[in-house]
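Colleague: Output the structure for:
(one chain, ligands or ions: 1)
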Amino acid sequence: MRDDYPKPLTVGDGAPFWEFCRRHELRVQRCESCGRYRHHPRPRCPNCRSDAFAWAECSGKGSVYSYTICHPPVLPAFADAVPYNVAVIELAEGPFMVSNVVDCPNEDLFVGMAVELCFVEIDEELTIPQFRPVQEPRATNEGPSSPT
Ligand SMILES: [Zn+2]
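Modeller: Residues are numbered from 1 along each chain as shown. The predicted structure is shown next:
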């Protein structure tokens, strides 16, 4: 990894989020008063203003809400990756998360695409949540088993 790769802050409201990612757990804040999930991390619920929350694990399911394709100029750390996508993922739990869709050519991306979580380890300290198209179950020639 390049030395100029941008890193998230390791202090503040978002620090636990990144620590959970290192453990391959996607957790967002869930208000303990009204039950709403939220992301990015912040001290109070934007819905009811409560400061009581827990870090709730997400299913990893979501869909592409919007996306763009990045072309030069980009940060030097990402120059070799262009053109790459940046997507807004609507998590099944409700919050939006800015990420990338991997294992998918940019021209195949579309709004509404069902995606699932995958973690990408940038280095020993940073693991980032990314998403890939949901893999369709393989078709088989066998029909469903029938009771006998
Ligand atoms: Zn709330």
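Colleague: What distance do you get for residue 14 to residue 42?
Modeller: Separation of residue 14 from residue 42 (Cβ to Cβ, to the nearest Å): 9 Å. The C-beta positions use only the backbone N, C-alpha and C, and glycine is treated the same way.
Colleague: in terms of contact, does residue 26 touch residue 60 like I think?
Modeller: Yes. At 5.9 Å, residue 26 and residue 60 qualify as touching, with contact defined as Cβ atoms under 8 Å.
Colleague: Identify the contacts common to these two.
Modeller: Taking Cβ atoms under 8 Å, 6 or more residues apart in numbering as the contact rule, residue 26 and residue 60 both touch residue 117.
Colleague: Show me the strands in this protein, by range?
Modeller: Counting by DSSP state E, the chain has strands at residues 27-31, 37-38, 53-57, 61-70, 84-91, 96-99, 114-121, 127-133.
Colleague: Tell me which of the ones you listed is the most buried.
Modeller: Most buried of the strands of the chain by mean neighbour count (mean count of other Cβ atoms under 10 Å) is strand 27-31; its value is a mean of 21.
Colleague: Any stretches of the protein with poor pLDDT?
Modeller: 1, 138-148 (pLDDT under 70).
Colleague: Kindly report the residues of it close to the ion.
Modeller: By Cβ under 5 Å from the ion, the residues of the chain that approach the ion are 31, 33-34, 45, 47-48, 50.
Colleague: Make JSON lines out of those residues and add distance to residue 90.
Modeller: Below are the residues of the chain next to the ion laid out as JSON lines (distance: Cβ to Cβ, whole Å):
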{"residue": "31", "distance to residue 90": "18"}
{"residue": "33", "distance to residue 90": "23"}
{"residue": "34", "distance to residue 90": "19"}
{"residue": "45", "distance to residue 90": "19"}
{"residue": "47", "distance to residue 90": "17"}
{"residue": "48", "distance to residue 90": "21"}
{"residue": "50", "distance to residue 90": "23"}
